[in-house]
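Student: Generate coordinates for the sequence data below:
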Amino acid sequence: MPSNLTKAVIPAAGLGTRFLPATKAMPKEMLPVVDKPAIQYVVEEAVKAGLKDVLMITGRNKTALENHFDRVAELEATLEKKGDHEKLEKVNFSTDLADLHYVRQGDPKGLGHAVLRAKMHVGDEPFAVLLGDDIIDDRDVLLERMLEQQQTRNATIVALLEVDPSVAHMYGVATVEPTDEDDVVKITGLVEKPAKGTAPSNLAVIGRYVLRPEVFEVLERTEPGKGGEIQLTDALQELAGDESIAGGVYGVVFRGRRYDTGDRLDYIKAIVQLAVDREDLGPGLRPWLKDFVGELD
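Tutor: Numbers count the residues shown, from 1 in each chain. You can find the predicted model right below:
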């Protein structure tokens, strides 16, 4: 990993309205995926790739995020007294996971605006952006590959996923050209949530980016786009169209396991998919699932 790339930014200011009423008083990022909050999977991914300096872009009612990654002396003392060292280790793991910082987004002006709020913390270094709705299986490699390509090409790197054309309108979609590497493409254009049937490809942008700091200058002059928000996709479109700004934009095509926690149905699927592969839960869950599915009409 390049020595000048040490920081990860995690936007976490959304209201989580798809999960109401569960998210009325609890951040959606704290919803459990099996036995860990979704946000912890994302922080673990960043740390695994060598990015231990993590900035979260938060909003109101997000103090639970800070509390989760902070010490809880009373709980630690209780577990220590009980001799429950396994649970104590899990509690301490999240506390010591990363060097975490927090800044509020303020006005909810979109993903591009959230990333722009990281400017003072990031400075003049390349940095990664990880969205909390996407969980990447820790048995698969994505962020490390993106960091490697950023170092090699000194460009902006975006994660892409091949999706069914029928759902392409739900994503940002890339126009691409091949490179000399099978899993890397050059991005020549991007469109945010194209109208049905108009997507330029089936390569959708998923929630992982490795950006050069020049993106901040572009975001500062990016006008609100889809939904009246400042779209990161629009800034990336400008970078893709002018390589002189930041070396162009390339995509790493991810073919591993990704779990979408962005809506209720996919959230439930993510929990089941992760649980069946767990050594402590899978042996009991798999046969029950087979029986349950067999009884469905």
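
Student: bridging residues for Leu203?
Tutor: Counting by DSSP bridges, Leu203 forms beta bridges with Glu162.

Student: ok, it - how many residues close by?
Tutor: By other CB atoms under 10 Å, 23 other residues sit near Leu203. Where C-beta positions appear, they are placed from N, C-alpha and C, glycine not excepted.

Student: I'd guessed it sits against Val176; true?
Tutor: Yes - the pair Leu203 / Val176 is scored as a contact, 6.0 Å apart, by CB atoms under 8 Å.

Student: what touches both of the two?
Tutor: The contact sets of Leu203 and Val176 overlap at 160, 185, 251 (CB atoms under 8 Å, 6 or more residues apart in numbering).

Student: quick one: contacts for the residue nearest to Arg257 when sequence neighbours are not counted?
Tutor: What sits nearest to Arg257 in space, not counting adjacent residues and going by CB to CB, 6 or more residues apart in numbering, is Asp137, at 3.7 Å. Residues counted as contacts of Asp137 (CB under 8 Å, 6+ apart) are 256-259, 274.

Student: just to revisit the earlier point, top of the shared contacts of Leu203 and Val176 by number of neighbours, please.
Tutor: Counting neighbours by other CB under 10 Å, Leu160 leads those with 27 neighbours.

Student: Would you check how far apart Leu20 and Leu31 are?
Tutor: Remark: distance between Leu20 and Leu31 (CB to CB, to the nearest Å) = 12 Å.

Student: nope, Leu131 is what I was after
Tutor: Counting by CB to CB, the gap from Leu131 to Leu31 is 15 Å.

Student: And the two? Which one has more around it.
Tutor: The neighbour count for Leu131 versus Leu31, taken as other CB under 10 Å, is higher for Leu131 (21 against 18).

Student: Specify the local secondary structure of the nearest residue to that one once chain neighbours are set aside.
Tutor: Nearest in space to Leu131, with sequence neighbours left out and distances taken as CB to CB, 6+ apart, is Gly207 at 2.8 Å. Counting by DSSP: H, G, I helix; E, B strand; the rest coil, the backbone at Gly207 sits in strand.

Student: mind listing what Gly207 touches?
Tutor: Taking CB under 8 Å, 6+ apart as the criterion, Gly207 is in contact with 129-134, 159.

Student: Mind doing that once more with 10 Å?
Tutor: 10-11, 42, 111, 129-136, 159, 161, 258, 260, 262 (CB atoms under 10 Å, 6 or more residues apart in numbering).

Student: do Leu111 as well
Tutor: Counted by CB under 10 Å, 6+ apart, Leu111 has contacts 11, 13-14, 57, 105, 129, 131, 172, 192, 207, 209, 219, 229-233, 235.

Student: Strands - which of the residues you listed land there?
Tutor: Mapping the contacts of Leu111 onto strands (DSSP state E) picks out 11, 57, 129, 172, 192, 207, 209.

Student: partner residues bridging the fourth one?
Tutor: If I follow you right, that is Gly172. Judged by DSSP bridges, the bridge partners of Gly172 are Glu192.

Student: and what of the last one?
Tutor: Beta-bridge pairing of Tyr209, defined through DSSP bridges, involves Val129, Val158.

Student: Point out where the stretch 1-150 of the chain drops to low pLDDT.
Tutor: Applying pLDDT under 70 to the stretch 1-150 of the chain flags residues 1-3.

Student: Distance from stretch 259-275 to the middle of the chain?
Tutor: 14 Å (CA atoms, centre = their mean, to the nearest Å).

Student: Can you give me the buried ones in that stretch?
Tutor: 259-262, 267, 270-271, 273-275 (16 or more other CB atoms under 10 Å).

Student: Quick check: the closest residue to Lys48 other than its chain neighbours vs Gly207, distance?
Tutor: Leaving aside its chain neighbours, Lys48 sits nearest to Asp138 (6.7 Å; criterion: CB to CB, 6+ apart). Counting by CB to CB, the gap from Asp138 to Gly207 is 16 Å.

Student: Asp99 now?
Tutor: From Asp99 over to Gly207 the distance is 22 Å, taken as CB to CB.

Student: One more: Asp35?
Tutor: Distance from Asp35 to Gly207, by CB to CB: 22 Å.

Student: how many other residues sit next to Lys36?
Tutor: 16.

Student: So Glu44 sits against Lys52, correct?
Tutor: No - Glu44 is beyond contact range of Lys52, at 11.0 Å (criterion: CB atoms under 10 Å).
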